[in-house]
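Novice: sharing a model that was predicted from the sequence below.
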Amino acid sequence: MPTELVNGFGKVYLTIAYDSVNRWVYNNWIGYQTYTGIIAGADACLPPLQEHACAYLLNDNRQVLGPWDHAVEWIVTNWAPRAIKGGLTHFAHVVSPESLAAQSAKSMLLGFEGQLTMHMFDNLDEAQAWLRAARQVAEPTGSQ
């Protein structure tokens with residue numbers, strides 16, 4: 001069952017779900033993102049990653065409005081080390097390439113360099129295919 005986080009206006013700004021078929025956590029971010037909301041949302045995706053010993057995160061920002069540069073440093077220096085310690089190895093990030101959110105994602109990508117394997121996509125299907133391929137490399141055929 002997905003977890004939904006709501007903002008001060010009662011609107012869902014993040015849905016978090018574990019995909020048991022693909023064995024990844026899927027985050028769907030929606031609308032404008034505040035610093036406080038990003039921290040709460042990023043922290044809320046850690047328990048599903050840890051509970052399922054999940055190394056793969058599919059982070060969907062296609063419905064995000066505006067930049068979220070104000071939280072990039074916190075994500076890179078605070079959240080990422082905790083996620084990596086919990087077992088996260090692959091981060092697929094989906095954005096609309098023309099959006100201001102895509103610029104924030106590029107800053108995050110640079111910050112993750114050397115810590116975490118992250119790729120940006122403008123297409124959900126390509127992001128899913130990349131995560132599946134990464135999982136197949138990491139997990140022998142017999143364990144799938």
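Specialist: Received, thanks. Numbers count the residues shown, from 1 in each chain.
Novice: isn't L5 right next to N27, touching?
Specialist: No: with contact defined as CB atoms under 8 Å, L5 does not reach N27; the gap is 10.0 Å. Heads up, the C-betas are built off the backbone N, CA and C, glycines and all.
Novice: more neighbours: those two, which one.
Specialist: Using other CB atoms under 10 Å, the more surrounded residue of L5 and N27 is N27, with 22 against 18.
Novice: what's the burial count for the closest residue to that one other than its chain neighbours?
Specialist: Using CB to CB, 6 or more residues apart in numbering and skipping the chain neighbours, the partner closest in space to N27 is N59 (4.8 Å). Neighbour count of N59, defined by other CB under 10 Å: 21.
Novice: so what pLDDT did Q144 get?
Specialist: What the model reports as pLDDT for Q144 is 47.
Novice: quick one: buried residues of the longest helix anywhere in the chain?
Specialist: Longest helix in the chain by number of residues (criterion: DSSP state H): helix 124-138. By 16 or more other CB atoms under 10 Å, the buried positions in helix 124-138 come out as A127, Q128, W130, L131, A134, R135.
Novice: would you list these in JSON lines and tack on distance to S20 and pLDDT?
Specialist: Output for the buried residues of helix 124-138, formatted as JSON lines (distance: CB to CB, whole Å; pLDDT from 0 to 100):
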{"residue": "A127", "distance to S20": "18", "pLDDT": "98"}
{"residue": "Q128", "distance to S20": "15", "pLDDT": "98"}
{"residue": "W130", "distance to S20": "19", "pLDDT": "97"}
{"residue": "L131", "distance to S20": "14", "pLDDT": "97"}
{"residue": "A134", "distance to S20": "17", "pLDDT": "93"}
{"residue": "R135", "distance to S20": "13", "pLDDT": "91"}
